[in-house]
Each structure stands twice: as structure tokens, then as C-alpha cells.
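Peer 1: The following comprises the amino acid sequence and a computationally predicted model.
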Amino acid sequence: MTSKSEQNFVSNSDNISGGSIFIGGVENFSLVDFPGKIAAVLFLKGCPWRCHFCYNTHLQKMDGRSDFDWENVKNFLKKRKGMLDAVVFSGGEPLMQKGINRAVKEVKDMGYIAAIHTCGCYPEKLKEVLPDIGWVGLDIKAPFKKEHYKKAVGGVDSLEEVSQSLDIIIKSGIEFETRTTCDPRILSVEDIYEIAEFLKSKGVKNYNLQRYRQVPRDNTPDMECDKFFNDVKLEKFLKDNFDNVELRK
């Protein structure tokens, strides 16, 4: 992330309104958050889950404050037309915010492709915003079993909502990817097979694995985190069953 003066859209931390959305961070140039596109990424505040491997815990709380003023962010985006292809709404969980629909429409009206990263816990909100979205990244936290999923997301029973969101995305025909962060404290190699089999049965074409990076105070050995990516049979299975697979180490 660049400095305040370079970005020219940072507000102080006491900005209560934040415009239509509450933004906790901005990446003004990304090649990895929307495959094949150059994107700016907006990290929105608020998430109902408490995943054990969360890297953005500072975004979990919806405190009604924004570190970045939305009007200034929009001005920045207007100046970057022609250099950026897309704007990705990430988080936190962006669908938790009431102003997400309006913000997505505003970005689309600027001529950008709007994309969203979601955990799938708000299927009705997803359905509302999807007509203005050009791509979705859907996080799959665990096998589609109630207690396992509940454990993975910190004790919240949201499996039905995630299942609904997946069905909504598939039915829409929109481009999307599914991805799983391979936290060995929660998942085994066998669990990845189970997730993959389920996604394949739903007709999912893109499935990616993301390496778990040890969060503070976690001493899980690197070899445990790497085991998903060193498993040749698993890699072959995934590549045989999905059109696109990335092992993001």
C-alpha cells in the first residue's frame, strides 16, 4: 500500500460516515485479486465470522468508522481509468455493509468491472448485488458438513447460507472461482478431497488451494502447512476434475 500523500484518499480514523461504505484498507494495484485483471481492492469493515486463520482481524468489527473516505476513493478511481480494469470489494465480508449495492453500482457507472470476495453468508444480499458484478471469489472454508463448517468459521452455523450462495452464483452464469485456505489445524488432505468432490458435483470449474500462513501465536510447523501442496496425488486429482486449478503457495 502506498503512502497517504500518494493515495490522496485517506481520511482520519474519526470519519464516522465513510460515505456509503466503511473502508478499512485499500490496495490501489493488484494482479492477483481478480484473475486476468488489474484491479484496485477495497477492504470493507465487518464480518460475522471469526475464522481461525483470518488475516484481517482488524476488519472484523463493524464500528461505524471508516479509515478511507468513499468520496475521495471514488475520485482516485476516476483518475485511474484506463490504468485499472476492475474494483474488487473484499473484506471482512463486504455483503455485511448496507451500502454495498450502491457502491457497486457507482463503480460500474465509472466503467469498471466490479468484483466481490465473499464467504457466502448473505445469499439474499448476494442475489441483489450480483447483476452488477462481473466476477466472484467464493471462499469455501471446510467440507459441507454442519459441525465442521461451524468450527471452521468460529462457531457460527452458516452452512445453509453458504450452500445457497454457491447455488445462486452457479445459476447466475457469472464467472467465479472457489478457493480454500488449507489450515491444517482445521482441515486434512482428506477434507480437500471431500470439498472437491462436492464442488465437482455442483458443476464448479475453478477450484484453488491457498497456503495457510501462520497467524500470530500459532506455531504450526511449515511442513504441516505445506503438506497439501506436496501431495502429488491430490494435485493430479484436482487437475483431472476441474478446468482451472491453482495451488497458491
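Peer 2: Yep, it's here.

Peer 1: show me the contacts for the nearest residue to Trp49 once chain neighbours are set aside.
Peer 2: Computed as Cβ to Cβ, 6 or more residues apart in numbering, the closest residue to Trp49 that is not its neighbour in sequence is Val153, at 4.2 Å. In short, each C-beta sits where N, CA and C put it, glycine included. Residues in contact with Val153 (Cβ atoms under 8 Å, 6 or more residues apart in numbering) are Trp49, Arg50, Cys51, Cys119, Lys141, Ala142.

Peer 1: Show the backbone phi and psi for Val153.
Peer 2: When read as degrees, to the nearest 10, the backbone of Val153 gives phi -100, psi 10.

Peer 1: From Leu234, how far out is the one residue sitting closest to the centre of the chain?
Peer 2: Residue closest to the average C-alpha location in the chain (Cα atoms, centre = their mean): His117, at 3.0 Å. Between His117 and Leu234 the distance is 24 Å, computed by Cβ to Cβ, to the nearest Å.

Peer 1: Can you show me the CA trace of the helix or strand containing Lys74 as CSV?
Peer 2: Under the criterion of DSSP states H and E, Lys74 resides in helix 70-79. The C-alpha trace of helix 70-79 is given here as CSV (Å, rounded to 0.1, in the frame of the first residue of the first chain):
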residue,chain,number,x,y,z
TRP,A,70,-15.5,6.9,0.0
GLU,A,71,-15.9,10.2,-2.0
ASN,A,72,-12.1,10.5,-2.1
VAL,A,73,-11.7,6.9,-3.1
LYS,A,74,-14.1,7.5,-6.0
ASN,A,75,-12.1,10.5,-7.1
PHE,A,76,-9.0,8.3,-7.0
LEU,A,77,-10.7,5.6,-9.2
LYS,A,78,-11.8,8.2,-11.7
LYS,A,79,-8.2,9.3,-12.1
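
Peer 1: Can you give me the buried ones in stretch 223-238?
Peer 2: The neighbour-count criterion (16 or more other Cβ atoms under 10 Å) identifies Cys225, Phe228, Asp231, Leu234, Phe237, Leu238 as the buried residues of stretch 223-238.

Peer 1: can you list these in CSV and add pLDDT and distance to Lys105?
Peer 2: Formatted as CSV, the buried residues of stretch 223-238 follow (pLDDT from 0 to 100; distance: Cβ to Cβ, whole Å):
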residue, pLDDT, distance to Lys105
Cys225, 98, 40
Phe228, 98, 39
Asp231, 98, 43
Leu234, 98, 41
Phe237, 98, 41
Leu238, 98, 36
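
Peer 1: Quick check: the farthest pair among these?
Peer 2: Cys225 and Phe237 (19.7 Å; Cβ to Cβ).
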